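Enquirer: pasting the structure only:
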Ligand SMILES: Nc1ncnc2c1ncn2[C@@H]1O[C@H](COP(=O)(O)OP(=O)(O)O)[C@@H](O)[C@H]1O
Ligand SMILES: [Mg+2]
């Protein structure tokens, strides 16, 4: 691990606009405590859901707080999908996690699946339904797809509006749930298999955990209610199959081009099929979340994990790095003089703008 500049001021960004606001607050608080314990100068920054409607200038907030780099503890829409990443690229503030493109591809379940298929990464068969598709359109598209299926939003996480469906009638109801929060739904073949998640940290495949919800699917309740799921670390798979699962997860991450700390959600059948559901580029980071559990087994304490993620904070845009002489990849080297070296504000008069 590269050494971190302890004097760098770290903004931990949490909350946000997605359905995962509360999960993000839990992540942000846990990360802030861990980084403070390691002696970092931490500024927790909570984004309230109203911030968007009130046109809150996030860059201004970040500038005024004097942060040198940003630890992203956000989840979901506008946060895990490349939007915040793009804003931070433009503001010249290095951030943790995947690039604009990697974040956008991974968060979009349809585009991820297209990338998986292009790279021969198995993923459950699927089709998409749009909000304004008619019932007849849906019936025609569904055709002989069969049941059960899983209906889910294309761009949300935390199992929000994810439903197992057994009939055409249930399908319509499940689609209505999705359209309350997204314009697009995915209908996927239901895969009966073990729920396996793989953790990858800056390219190092850490291991695979097995999740056993006490009842039903790994839904919001099973994810966030203490005791609602059992965990087995490492996953109870024969060693050759365990290795296959790790390799497949690595290939899935390559397919969507992500860096940083990622968690790959997979289903592993009693036969010999493995399916990748998704790559999470800003996975939950409370002490009881899955990535920290996987990392602990690989020898990283929660504080270690937070520090290694912070070490990876960077800007991806080469033009920007060149212009501000901010070299790659390390929080140490991207440190700049506070505020003095900030790029010109977009509100500068046109003839002064660079
Ligand atoms: N095709 C499927 N077959 C069986 N279970 C599924 C399928 N898709 C999703 N699930 C269940 O729903 C959970 C959430 O789905 P996932 O695609 O990972 O979306 P999210 O981003 O909400 O976590 C999974 O962990 C799994 O338990
Ligand atoms: Mg998931």
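Expert: Cool, the structure landed. All figures in this text were calculated on a predicted structure; none of them were measured in a lab. Numbers count the residues shown, from 1 in each chain. Ligands and ions are numbered 1, 2, ... in the order given.
Enquirer: please name the residues that touch the residue of the stretch 201-350 of the chain found nearest ligand 1.
Expert: Closest residue of the stretch 201-350 of the chain to ligand 1, CB to the nearest ligand atom: residue 218 (3.3 Å). Glycine gets a C-beta too; all of them are placed from N, C-alpha and C. Contact partners of residue 218, counting by CB atoms under 8 Å, 6 or more residues apart in numbering, are 159, 195, 211, 229.
Enquirer: so residue 199 touches residue 296, yeah?
Expert: No: with contact defined as CB atoms under 8 Å, residue 199 does not reach residue 296; the gap is 9.9 Å.
Enquirer: of those two, which one has the most company?
Expert: residue 199 (30 against 18; other CB atoms under 10 Å).
Enquirer: next one: phi and psi at the residue of the stretch 201-350 of the chain closest to ligand 1?
Expert: Phi and psi for residue 218, reported as degrees, to the nearest 10, are phi -80, psi 70.
Enquirer: got it, and residue 265?
Expert: According to degrees, to the nearest 10, residue 265 has phi -90, psi 130.
Enquirer: touching, it and residue 194? I think so.
Expert: No: judged on CB under 8 Å, residue 265 makes no contact with residue 194 at a distance of 11.8 Å.
Enquirer: just want to know which of those two has more residues nearby.
Expert: Higher neighbour count among residue 265 and residue 194: residue 265, with 21 against 18, using other CB under 10 Å.
Enquirer: with adjacent residues omitted, what lies nearest to that one?
Expert: residue 277 (4.3 Å; CB to CB, 6 or more residues apart in numbering).
Enquirer: which residue ranges of the chain form strands?
Expert: Taking DSSP state E as the test, the strands found in the chain are 9-15, 41-47, 69-72, 126-130, 149-153, 163-165, 184-189, 194-201, 204-213, 229-232, 261-268, 274-280.
Enquirer: got the contact list for the first one?
Expert: With CB under 8 Å, 6+ apart as the test, strand 9-15 has contacts from 21, 24-25, 27-29, 31-32, 35, 40-49, 62, 65-74, 84, 93, 310, 338.
Enquirer: got it, and the fourth one?
Expert: Strand 126-130 is touched from outside by 110, 113, 137-138, 141-142, 145, 154, 175, 183-189, with contacts defined as CB under 8 Å, 6+ apart.
Enquirer: now do the fifth one
Expert: Residues from elsewhere that reach strand 149-153 (CB under 8 Å, 6+ apart): 109, 124, 160-165, 171, 174-175, 177-178, 181-182, 184-190, 217.
Enquirer: pLDDT below threshold where in this structure?
Expert: Within the chain, the segments meeting pLDDT under 70 span 1-6, 52-53, 55, 319-354.
Enquirer: can you list the residues of it near ligand 1?
Expert: 124, 150, 152, 157-159, 162, 188-191, 195, 217-218, 265, 267, 277-278 (CB under 6 Å from any ligand atom).
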